[in-house]
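A.B. asks: sequence plus the predicted model coming up.
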Amino acid sequence: MLVYGPTQLANAFRTVRKNTVRIAEDIPEEQYDFVPAPGARSVRELLCHIAFAASFQEDVHRVKRLSTLQGYDFGAFGRETQARESGSRSKAEIVELLETRGADFAGWLESLSPEFLAETVTDPSGQNPRSRLEMLMAAKEHEMHHRGQLMLIERMLGVVPHLTRQRLERMQARERQAAAV
């Protein structure tokens, strides 16, 4: 019995994307070109990267439905993705891109069958089979990795991350409730 299936995967991705969008909204647009360290992506570049990060999973599982990554042209795919990510989008355009691409990807995830998620895909050597479910979970994990970077950048810019603000509000509410008793 599959306990974690397409509905859970889609909902988890939606939660992650909702939090990413919130960060994109919380960072002032005039800070979108901030680069936290030499060689790192700017806020704008990082958010655009996140918007298109699931493209690899979509190409492998949705478009081509590959069963092996043997012969997959990672270089060409990387160049295509980099071209999509580049450009000078406004904050509003980036937020819209995150929302629409996220909704499309989550909707597709939710439509998948347990049988599809159980299929395996081998690595470029033709070895080490992994289930499609495991590979598709990587899209969420990848976004969470970059969201952690964005939360640190928020701190560098003087913005308290929304998840921290929510936690502090809950703690303060508990303290007020305890004081009232």
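C.D. replies: Nice, I can see it.
A.B. asks: so how many other residues sit close to residue 163?
C.D. replies: For residue 163, the neighbour count with other C-beta atoms under 10 Å is 13. From N, CA and C alone the C-beta is placed, and that goes for glycine too.
A.B. asks: touching, it and residue 19? I think so.
C.D. replies: Yes - counting by C-beta atoms under 8 Å, residue 19 is a contact partner of residue 163 at 6.8 Å.
A.B. asks: ranges for the helices of this structure?
C.D. replies: For the chain, helices defined by DSSP state H occupy the ranges 6-26, 43-52, 55-57, 74-85, 91-111, 114-118, 132-156, 162-180.
A.B. asks: redo the ones you listed as JSON lines? Include mean pLDDT.
C.D. replies: Formatted as JSON lines, the helices of the chain follow (pLDDT from 0 to 100):
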{"stretch": "helix 6-26", "mean pLDDT": "97"}
{"stretch": "helix 43-52", "mean pLDDT": "97"}
{"stretch": "helix 55-57", "mean pLDDT": "96"}
{"stretch": "helix 74-85", "mean pLDDT": "95"}
{"stretch": "helix 91-111", "mean pLDDT": "98"}
{"stretch": "helix 114-118", "mean pLDDT": "95"}
{"stretch": "helix 132-156", "mean pLDDT": "96"}
{"stretch": "helix 162-180", "mean pLDDT": "89"}
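A.B. asks: of those, which is nearest residue 125?
C.D. replies: Residue 125 lies closest, by C-beta to C-beta, to one member of these: helix 74-85, at 13.2 Å.
A.B. asks: quick one, what contacts the residue nearest the centre of the chain?
C.D. replies: Residue closest to the average C-alpha location in the chain (C-alpha atoms, centre = their mean): residue 143, at 2.8 Å. Going by C-beta atoms under 8 Å, 6 or more residues apart in numbering, residue 143 touches 13, 16-17, 20, 50, 53-54.
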